[in-house]
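In: Fold the following and give me the result.
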Amino acid sequence: MKVINFMGWRKLAALFSITLVLASLGSLVVQQLNWGLDFTGGTLLEVHYSDTADLGGIRQTLATEGYDGATVVSFGSDRDVLIRLSHGYSDSEGIVLLGKLQATFQGEVELRRIEFVGPQVGDELREQGGLAMLLALGLVMLYIAFRFQLKFAVGAVVALIHDVIITLGFFSFTRMEFDLTVLAALLAVIGYSLNDTIVVFDRIRENFRKVRRATPVEIINISLTETLDRTLVTSLTTLLVLVCLALFGGEMINGFAIALIVGIGIGTYSSIYVAANVLMLLNVSKEDLMIPVKEGAEQEDLNP
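Out: Below is the predicted model of the structure:
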């Protein structure tokens, strides 16, 4: 097997990761996120058209009537439309909007549902979502430290934080709407990236105990080379499904699919370079992974 010198590029990879993280943090500070209705509050209308709804015409009507920031998407069928009005609109204004839509459509427009999400609920969702991610990272670090070793736990958590920050930075930079589906995708990215990292760490631990005459750099390169096929096949098949969802799944799950595409792409990279790079910075060695021998066992070896 030809061993790929992954760690020979670790300094360049570290510079690339630091640049992406700093750019993402800068975008989050300057532009912040384009919070969706779930976080900012507003009015949600579900309407049913007697014939195929023209989404472009509905958007033009909303823009003409001064409903800035409105989102119009298909919901279930080409006759069902979901309209999201940004914060500042109320239930009564939603009913007025329904009348304006009826005036521009020759058939019938039926109101199926109207909901108002207050900003207080949005603040609670934002806070609970952030706490959910922090709790997930904390539990991940505890699990890795218990299963492997503290240095591996630090590497895994740094890689996960790296993935989350860059994914958030992508949404901040592109100004795509950040709603609860995207938050769910972020939590899924944490689980996916963690699984990928654990596979790599498991092989690194195995090779540290099995390969005797090799430096830590060589052992990590061997481990990454051995897991490369599995990593690429798993990531590519997952990305293939997500690309199909992003292209043909409709606007309702578009943000969810794109968040997973970005997160899994950067997560595959981080499981190879970020997590392993942190292990190198922490000077991982065979001694860190040696199985401790109990005192009683030592006495039995000395006195058979």
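
In: CA atoms for contacts and neighbours, from now on please.
Out: OK.

In: Tell me which residues touch Phe194, please.
Out: Residue 194: Leu, not Phe. Val140, Ala156, Leu160 (Cα atoms under 8 Å, 6 or more residues apart in numbering).

In: ok, so of those, who is nearest Gly8?
Out: Ala156 (20.4 Å; Cα to Cα).

In: between the contacts of Leu194, which has the most around it?
Out: For those, the largest number of neighbours (other Cα atoms under 10 Å) sits with Ala156, at 31 neighbours.

In: coming back round to it: ok, so of the contacts of Leu194, who is nearest Glu115?
Out: Leu160 (35.7 Å).

In: My read is that that closest one contacts Gly191, right?
Out: No - contact status for Leu160 versus Gly191: not in contact, 9.1 Å apart, counting by Cα atoms under 8 Å.

In: Spatially central residue for the protein, please.
Out: Leu186 (2.8 Å; Cα atoms, centre = their mean).

In: what's the helix or strand for that residue?
Out: helix 180-210 (DSSP states H and E).

In: And that helix, what's buried?
Out: 180-183, 185-194, 196-201, 203-205, 207-208 (16 or more other Cα atoms under 10 Å).

In: now it, how far from the centre of its chain.
Out: 13 Å (Cα atoms, centre = their mean, to the nearest Å).

In: Quick one: mean pLDDT for that helix?
Out: Per-region confidence: helix 180-210 scores 85 on mean pLDDT.

In: Tell me how many other residues crowd Ala132.
Out: 14.

In: contacting residues around it?
Out: With Cα under 8 Å, 6+ apart, Ala132 has no contacts at all.

In: mind checking how far the host helix or strand of it is from the chain centre?
Out: Secondary structure from DSSP H and E places Ala132 in helix 119-147. Centroid separation between helix 119-147 and its chain, computed with Cα atoms, centre = their mean, is 13 Å.

In: pLDDT averaged over the helix or strand following it - what is it?
Out: Reading on from helix 119-147 to the C-terminus, the next helix or strand found by DSSP H and E is helix 150-174. For helix 150-174, mean pLDDT is 89.

In: So which elements touch helix 150-174?
Out: Under the contact criterion of 3 or more Cα pairs under 8 Å, 6 or more residues apart in numbering; DSSP states H and E, helix 150-174 touches helix 10-30, helix 119-147, helix 180-210, helix 254-272, helix 274-281.

In: Which of these sits closest to Thr174?
Out: Nearest of the helices and strands packed on helix 150-174 (Cα to Cα): helix 10-30, 9.7 Å.

In: What lies in contact with whichever helix or strand comes after the closest one?
Out: Using DSSP H and E, the helix or strand that follows helix 10-30 in sequence is strand 34-35. Applying Cα under 8 Å, 6+ apart, the external contacts of strand 34-35 come out as Phe171, Ser172, Arg175, Met176, Glu177, Phe178, Asp179.

In: Which PyMOL command selects the buried ones in those?
Out: In PyMOL syntax, the buried subset of those is picked out as below (16+ other Cα under 10 Å):
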select buried, resi 171+172+177+178+179
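
In: does Arg213 count as helix, strand or coil?
Out: coil (DSSP: H, G, I helix; E, B strand; the rest coil).

In: What number of residues are in the vicinity of it?
Out: For Arg213, using other Cα under 10 Å, the count is 9.

In: same thing with Thr104?
Out: Thr104: 11 neighbours (other Cα under 10 Å).

In: could you measure it against Glu110, distance?
Out: Applying Cα to Cα, to the nearest Å, the value for Thr104 to Glu110 is 14 Å.

In: how long is stretch 52-68 from one end to the other?
Out: 24 Å.

In: Quick one: low-confidence residue ranges for the protein.
Out: Along the chain, the parts satisfying pLDDT under 70 run over 1, 69, 76, 87-91, 94, 117-123, 126, 287-304.

In: Domains of it: list them as residue ranges, please.
Out: Per the record, the chain has its domains at 6-34+121-289, 42-117, by automatic domain parsing.

In: so which of those is the most packed in?
Out: Ranked by mean neighbour count, these are led by domain 6-34+121-289 with a mean of 18 (mean count of other Cα atoms under 10 Å).

In: Now do it: distance to the chain's middle.
Out: 9 Å.

In: Begin at 275, not 1, for the rest of this chat.
Out: Sure, I'll start numbering at 275, so the last one becomes domain 280-308+395-563.
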